[in-house]
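Visitor: kindly generate the corresponding structure for this input.
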Amino acid sequence: MEYLFPCVPELKIKDYDIYRAFCCGLCSQLKEQYGFYASCRVNRDMVLFALLADGLAGREGTVCGGHCIRHAVSKAPMMCHTQGIRIAAMLNVILEWHLKLGRSEERGIPPLERLHLRMQLACLRGAFTKAAAEGAQIERILLQEWDQEQALVHRGCKSYEALAEPYSNIFSALFVYCAPDPSSIKALRRAGGALGRIYFLLGEIERFPRDARTGGKNVFLQNGLTFPAARENAKYQCNLAAAELAAAYNLLNIKLNRALLDNLVFLGLEEAVAAAGESRKIQWREI
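Guide: Model (predicted):
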C-alpha cells in the first residue's frame, strides 16, 4: 500500500533532496531500531508522518551520509535520528504487520502466496513485538478498528461511510501521534480521517479485479458496480475527501518543509486519485 509520492517536476531541488534524505533516513532507522528485515519493508507513505511530525514541531534534522540497501557502495544522504523518523519507523512496522496479517487471512489466496505471507510474518514478528510495545495505544486502536471492519464485512455491509470509518479512525490516531502540542490535535484528527477514507477507497478499487475473481468482499462489488463505474465512483468520493483533507491541513502551523508537504498532500494525492484502479507495479523509484 503505497500511494503518496511527490510530484517531482513541481519540486525544487532542495525539497527533492530533503524527500530523498527522509526516505533513506527511514530505511536506516528501521534497520537500526527493528532489524534488517524491517528495513526491507519500507513503506514510503510513512515519510509523510516523519515530515509532518518534524514540520509541526519545527525540528531540523541533520543530513549525514550512510549506506543502505539501495546504496550499498556509495553513501546516500540520510536524515538522521529525528523524532519524526522514529515515529514513522514504528508506524511502518505496525502497519506492515497488520497489512500482511490481514492479507494472509483473506479467502481465495493461492496456497503458495499464503505460505509466503506467513513466512514474512514470521520474519517480522520480532520487530512488530518491539514496535507494538512502543506504540501500545496505536496498536490497541488498530486492533479495535480492524475488528470493527471485519464485523461490518461479515454482515455484508454496503455502506461506503460505515466501511470507511475504521480507516478514518485509524488514520486520525496516526496523525494525532504526530501532534507536538494539543493545539493541533483537532485539525490533525480531521485531516487523518479524510486521508483514511481516501486510502480505503483506493485500496478497494485496487483489489476490485482480484475480489471479483475470488469472491472476496468489496464495497463496490457489494453495491453491484462494474469496474469502470467503480473507478469513477472511487475518484468522486476521493475528491470529496481530498477537499476535507485540504481544509483541515491548511489549519496546521507547519514550521518546516511546508512546500514539500504541500506537494505530497495536494499534487501527490491528486495523482494517486487520478490513477485509481489502474494496473501498477510498486517499485523503488529513483528518489
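Visitor: for Met79, which three-state class applies?
Guide: strand (DSSP: H, G, I helix; E, B strand; the rest coil).
Visitor: give me the number of residues near it?
Guide: The tally of other residues near Met79 (other CB atoms under 10 Å) stands at 27. (Glycine included, C-beta is placed from N, CA and C.)
Visitor: now it, nearest residue through space, not along the chain?
Guide: Leaving aside its sequence neighbours, Met79 sits nearest to Gly25 (CB to CB, 6 or more residues apart in numbering; 3.6 Å).
Visitor: tally of neighbours for Arg107?
Guide: The number of residues packed near Arg107 is 9, by other CB under 10 Å.
Visitor: that older thread, contacting residues around the residue nearest to Met79?
Guide: Counting by CB atoms under 8 Å, 6 or more residues apart in numbering, Gly25 touches 50, 61, 78-82, 85.
Visitor: so what does the worst-scoring helix or strand of the chain on mean pLDDT touch, helix or strand wise?
Guide: Every helix and strand in the chain was compared by mean pLDDT, DSSP states H and E; the lowest is strand 62-66, with a mean of 79. In terms of contacts (3 or more CB pairs under 8 Å, 6 or more residues apart in numbering; DSSP states H and E), strand 62-66 is packed against helix 13-34, strand 76-80.
Visitor: kindly recompute the last result at 7 Å.
Guide: If you count contacts as 3 or more CB pairs under 7 Å, 6 or more residues apart in numbering; DSSP states H and E, strand 62-66 packs onto strand 76-80.
Visitor: any idea of the mean pLDDT for the next helix or strand after the strand it packs on?
Guide: Following strand 76-80 in sequence order, the next helix or strand is helix 83-104 (DSSP states H and E). The pLDDT scores in helix 83-104 average 93.
Visitor: in the next helix or strand after helix 83-104, which residues are buried?
Guide: Counting by DSSP H and E, the next helix or strand C-terminal to helix 83-104 is helix 111-134. Of the residues in helix 111-134, 117, 120-121, 124, 127-128, 130-132, 134 count as buried by neighbour count, 16 or more other CB atoms under 10 Å.
Visitor: name the helices or strands packed onto helix 111-134?
Guide: Packing contacts for helix 111-134, counted by 3+ CB pairs under 7 Å, 6+ apart, involve helix 13-34, helix 36-39, helix 83-104.
Visitor: can you lay out those as JSON lines showing distance to Ala179?
Guide: Conversion of the helices and strands packed on helix 111-134 to JSON lines gives the following (distance: least, CB to CB, whole Å):
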{"stretch": "helix 13-34", "distance to Ala179": "19"}
{"stretch": "helix 36-39", "distance to Ala179": "25"}
{"stretch": "helix 83-104", "distance to Ala179": "11"}
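Visitor: re the thing from before, which of the contacts of Gly25 count as buried?
Guide: For the contacts of Gly25, a burial check counting by 16+ other CB under 10 Å picks out 50, 61, 78-80, 82, 85.
Visitor: was I right to think Glu10 contacts Leu264?
Guide: No - using CB atoms under 7 Å, Glu10 makes no contact with Leu264, being 10.8 Å away.
Visitor: wait, which of the contacts of Gly25 is closest to Ala274?
Guide: Ala274 has its nearest neighbour among the contacts of Gly25 in Ala50, at 25.2 Å by CB to CB.
Visitor: what sits against the closest one?
Guide: Contacts of Ala50 were listed using CB atoms under 7 Å, 6 or more residues apart in numbering, and they are 22, 26, 84-85, 87-88.
Visitor: per-residue pLDDT, it?
Guide: Ala50 is assigned 95 on the pLDDT scale.
Visitor: also Glu161?
Guide: pLDDT recorded at Glu161 is 95.
Visitor: any idea how many residues pack against it?
Guide: Residues within reach of Glu161, counting by other CB under 10 Å, total 10.
Visitor: for Lys235, see how far away it is.
Guide: Distance, Glu161 to Lys235, using CB to CB, to the nearest Å: 17 Å.
Visitor: so the spatially most central residue of the chain, which of the three states?
Guide: Nearest residue to the geometric centre of the chain (CA atoms, centre = their mean): Asp45, 4.5 Å. Three-state call for Asp45 (three-state DSSP): helix.
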